[in-house]
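S.K.: need the 3D shape of this:
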Amino acid sequence: MKKLAALIALFQVLLLPAAAQAQDYVGARTVSTTSWVEEWDPVSESWVRVADDVDAANEPVTTITTHIVNGQVVSETTKIGAARYAVPLRAQPESKAIAQYGPFRVIDGKRAAVVGTTGPQSPLHFDAMMRDFPQLAVLELVDAGGTSHDIANLEVGRRIRAAGLTTHVPNGGSARSGGVELFLAGEKRTMAAGAQFAVHSWLDNYGRQPADFAPDAPANRLYLNYYVEMGMSEDRARSFYAMTNSVPHSSALWLKADDMQSWIKPEHSPIMAVQAQVRMALTEPLPTPEISVTPVTLSVMIETAPVIDYKDVTRLAVADTAISGAETS
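M.R.: All right, here's what the predicted structure looks like:
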């Protein structure tokens, strides 16, 4: 016991210089904060983290702030993760499903639903669902909260269009943020009167938003080209994209069914409108013209042609013959 006490005392003596130096030392440490998205999984009854492939992603630009904590200088480095989602206005009921593929729930042989957010694996989830249920015709956006991976989300939209599915937002259902792109992907798009939509700007891994790029930069053309693929004209695509970017990523613009209906109604070009007017004009009966007849009195002067006495013509011909004969003799 005495030996142990002696060892402890010796150890304390050896640590005294280091402790004295530690009091005078101003250290620095780096705090790395990473953001991610979680979604509730009704099957496992737990929150599931939805994240990008970190190994394939580029290192994001960081924001560094300096604080003094307990006498120490702390350099805090914040890494901003890319995500695009919006919280619903009210909680949605769980959708009964006979099978589940990521955020896709198969309701029956003809209908499936989107409940949750899409991520990097969502295109593969969609392919597996269509492989197992090839007769699916309708994709209901019950609680389409957005996406943690915009590139994958747009690929899901293209698969929806290629499969010829109808997208439908039921009463009380919602398509929010990246979920709006999935709604636009439907070959036919329908919605109930109580459907909800939410849009806002996207945010990349570097914390940049659409306004940080030129209007036709690849980052913006990615969405403009998608909207054109889904049937919008170039002008409508630009107008719709500007509307979605009218609010920052941290906020959301909520739209009702009537608001969204105006963006998906058929477009008519000026030439088509003129042609339609011409066709309508040709199908209408032409008015019968009124003909007014005014009596006209014509006075005709008839001149009598001279009468030729054939006796004289014979005598003249004989005389000419006599003269001609005299000249030649």
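S.K.: residue ranges with poor pLDDT in the stretch 51-200 of the chain?
M.R.: 51-95 (pLDDT under 70).
S.K.: now the strands for it?
M.R.: Per DSSP state E, counting those that start in this stretch, the stretch 51-200 of the chain carries strands over the ranges 62-69, 72-79, 84-85, 99-101, 104-106, 111-118, 138-147, 166-169, 174-176, 188-191, 196-199.
S.K.: export the longest one to PDB, keeping only CA atoms.
M.R.: Extracted C-alpha coordinates of strand 138-147, given in PDB (Å, rounded to 0.1, in the frame of the first residue of the first chain):
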ATOM      1  CA  VAL A 138     -50.700   4.800 -61.200                       C
ATOM      2  CA  LEU A 139     -48.200   6.300 -58.800                       C
ATOM      3  CA  GLU A 140     -49.800   8.100 -55.900                       C
ATOM      4  CA  LEU A 141     -47.700  10.800 -54.300                       C
ATOM      5  CA  VAL A 142     -49.100  10.400 -50.800                       C
ATOM      6  CA  ASP A 143     -46.200  11.900 -48.900                       C
ATOM      7  CA  ALA A 144     -43.500  12.700 -51.400                       C
ATOM      8  CA  GLY A 145     -41.300  14.800 -49.200                       C
ATOM      9  CA  GLY A 146     -38.400  15.500 -51.600                       C
ATOM     10  CA  THR A 147     -35.000  14.000 -52.200                       C
END
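S.K.: just checking, what packs against it?
M.R.: strand 84-85, strand 111-118, strand 166-169, strand 174-176, helix 178-184 (3 or more C-beta pairs under 8 Å, 6 or more residues apart in numbering; DSSP states H and E). C-beta: built from backbone N, CA, C; applies to glycine.
S.K.: that strand pairs with which strands, parallel or anti?
M.R.: Using DSSP bridges, strand 138-147 pairs in its sheet with strand 84-85 (antiparallel), strand 111-118 (parallel), strand 166-169 (parallel), strand 174-176 (parallel).
S.K.: for those strands, give me CSV that also has mean neighbour count and distance to F197.
M.R.: Formatted as CSV, these follow (neighbours: other C-beta atoms under 10 Å; distance: least, C-beta to C-beta, whole Å):
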stretch, mean neighbour count, distance to F197
strand 84-85, 24, 14
strand 111-118, 26, 13
strand 166-169, 22, 7
strand 174-176, 28, 5
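S.K.: save those strands as JSON lines, and put in distance to G157 too.
M.R.: Converted to JSON lines, the strands paired with strand 138-147 look like this (distance: least, C-beta to C-beta, whole Å):
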{"stretch": "strand 84-85", "distance to G157": "13"}
{"stretch": "strand 111-118", "distance to G157": "9"}
{"stretch": "strand 166-169", "distance to G157": "9"}
{"stretch": "strand 174-176", "distance to G157": "11"}
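S.K.: who touches stretch 235-245?
M.R.: 180, 199-201, 209-211, 220, 223-224, 227-228, 232, 253, 263, 267 (C-beta atoms under 8 Å, 6 or more residues apart in numbering).
S.K.: typo on my end, stretch 149-161
M.R.: 52, 82, 84, 118-123, 126-127, 130, 139, 147, 167, 178, 181-182, 184-187, 202, 222-223, 226, 229-230.
S.K.: quick check: the gap between R189 and G179.
M.R.: From R189 over to G179 the distance is 13 Å, taken as C-beta to C-beta, to the nearest Å.
S.K.: among the two, which residue is more densely surrounded?
M.R.: For R189 versus G179, neighbours defined as other C-beta atoms under 10 Å are more numerous around G179 (31 against 20).
S.K.: I'd say that one and L141 touch.
M.R.: Yes: applying C-beta atoms under 8 Å as the test, G179 and L141 come out as touching, 5.9 Å apart.
S.K.: any common contacting residues for those two?
M.R.: With C-beta under 8 Å, 6+ apart, G179 and L141 have common neighbours V114.
S.K.: I'd like to check which residues are in contact with L184.
M.R.: 157, 167, 227, 230, 264.
S.K.: again, only this time at 6 Å
M.R.: Contact analysis of L184 by C-beta atoms under 6 Å, 6 or more residues apart in numbering lists M230.
S.K.: coming back round to it: now distance to D259 too, for the helices and strands packed on strand 138-147, in JSON lines please.
M.R.: As requested, those are exported to JSON lines (distance: least, C-beta to C-beta, whole Å):
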{"stretch": "strand 84-85", "distance to D259": "20"}
{"stretch": "strand 111-118", "distance to D259": "20"}
{"stretch": "strand 166-169", "distance to D259": "12"}
{"stretch": "strand 174-176", "distance to D259": "12"}
{"stretch": "helix 178-184", "distance to D259": "12"}
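S.K.: relative to A195, which of the ones you listed is closest?
M.R.: Closest approach to A195 among the helices and strands packed on strand 138-147 is made by strand 166-169 (3.7 Å; C-beta to C-beta).
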